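Engineer: mind looking at a prediction? Sequence and model below.
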Amino acid sequence: MIAYLTSFDDMQVMIPAINLQQVHKQYPNHTALLPTTFSIASGSFFALLGPNGAGKSTLINILSTITNKTSGKISVLGYDLDQQQAQAKLLMGVVPQEINLNIFETPIETLVNQAAYYGVNQKDAISRGQYLLEKLQLSEKQAAPIRTLSGGMKRRLMIARALIHQPKILILDEPTAGVDVEIRQRIWQFLKQENQNGLTILLTTHYLEEVEALCDDVAILKDGQLVHQSHVHSVLEQAKHQSIIVETHKPIKDLPNLSPCKVKQIKPHSLAIELPQSYSLNQLFKQLTQKNIIVTQVRQETNPVESLLLEIIQGKPA
């Protein structure tokens, strides 16, 4: 009998969706993951963060059974991933970082074929597939060859494929990498709704705004080791500032005073601006407008998640 409730109303009595105990991965010349222990609560939206090479993909590959761990134990809603692998895998859907679709199939064919691996009959698979394609705004493309789909459409189709067998846990490895803002918002909206309906989601991402918008809890890996775990708000409160580059319509002759922000000129048309956590971009733009500085472009100076991780890991002062 599967050890989870049919209703997700009472999270306190549920067993963890994923529980890791001293999970370790050692290659002949490289330690990919030091003994790591943490749990993901059922029904939560959990962020797994860390710099490149931290061990995130290794951990996801172990959960997906693509990679064998060296030692340790993993349970998925109470099922041992080693001893009860079939039952555990049935409860998970995985969206890898790389697009790995059959470009000669159509979206509905991909979903029906994937469902067959989990013993879902064709009638139910078509019904479920059409529902997911509608929710992910892909209905009009259900009979189109996948090779004709845009990158954002393929990303959404991979999410639908991972959910076709109605798993209780969804694992997402940078699902919005390389997609535009509009598509990212669509994916966010869908994932929020699925999480509210009880789906447990494990997410890796390099977008700090994605963590803030979606996630409840966060764990941070560095050099294969768990270095931080807490509620997401506790982590975000440690983000002391954000750094942006502002491109201006005209060259800046005199460096403007934009207190409480720190300003540095890097090119005649470019300013590097460091904003305190409590200071919004709207407030900054209002100051710039008052000084007759017209902004033509704004971009992040550094990856915001990487910056946040450095602050937490290294204990950088404010």
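Structural biologist: That came through, no problem.
Engineer: so what's the residue count around residue 180?
Structural biologist: Using other Cβ atoms under 10 Å, residue 180 is surrounded by 11 other residues. Just so you know, the C-beta spots here come from the backbone N, C-alpha and C atoms, and that holds for glycine as well.
Engineer: now do residue 255
Structural biologist: 10.
Engineer: check contacts around residue 47.
Structural biologist: 203-205, 211, 214-215, 217-219, 232 (Cβ atoms under 8 Å, 6 or more residues apart in numbering).
Engineer: show me how to select, in ChimeraX, the buried members of those.
Structural biologist: Selecting the buried subset of these in ChimeraX, with 16 or more other Cβ atoms under 10 Å as the burial test, is done by:
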select :203,204,205,211,214,215,217,218,219,232
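Engineer: looking at the contacts of residue 47, which two lie furthest apart in space?
Structural biologist: 214 and 219 (14.8 Å; Cβ to Cβ).
Engineer: the stretch 1-150 of the chain: strands as residue ranges?
Structural biologist: Assigned by DSSP state E, counting those that start in this stretch, the stretch 1-150 of the chain shows strands spanning 18-27, 30-40, 45-49, 71-76, 79-80, 92-95.
Engineer: how about these in JSON lines, adding mean pLDDT and distance to residue 172?
Structural biologist: Formatted as JSON lines, the strands of the stretch 1-150 of the chain follow (pLDDT from 0 to 100; distance: least, Cβ to Cβ, whole Å):
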{"stretch": "strand 18-27", "mean pLDDT": "97", "distance to residue 172": "13"}
{"stretch": "strand 30-40", "mean pLDDT": "96", "distance to residue 172": "13"}
{"stretch": "strand 45-49", "mean pLDDT": "94", "distance to residue 172": "10"}
{"stretch": "strand 71-76", "mean pLDDT": "97", "distance to residue 172": "16"}
{"stretch": "strand 79-80", "mean pLDDT": "97", "distance to residue 172": "21"}
{"stretch": "strand 92-95", "mean pLDDT": "97", "distance to residue 172": "5"}
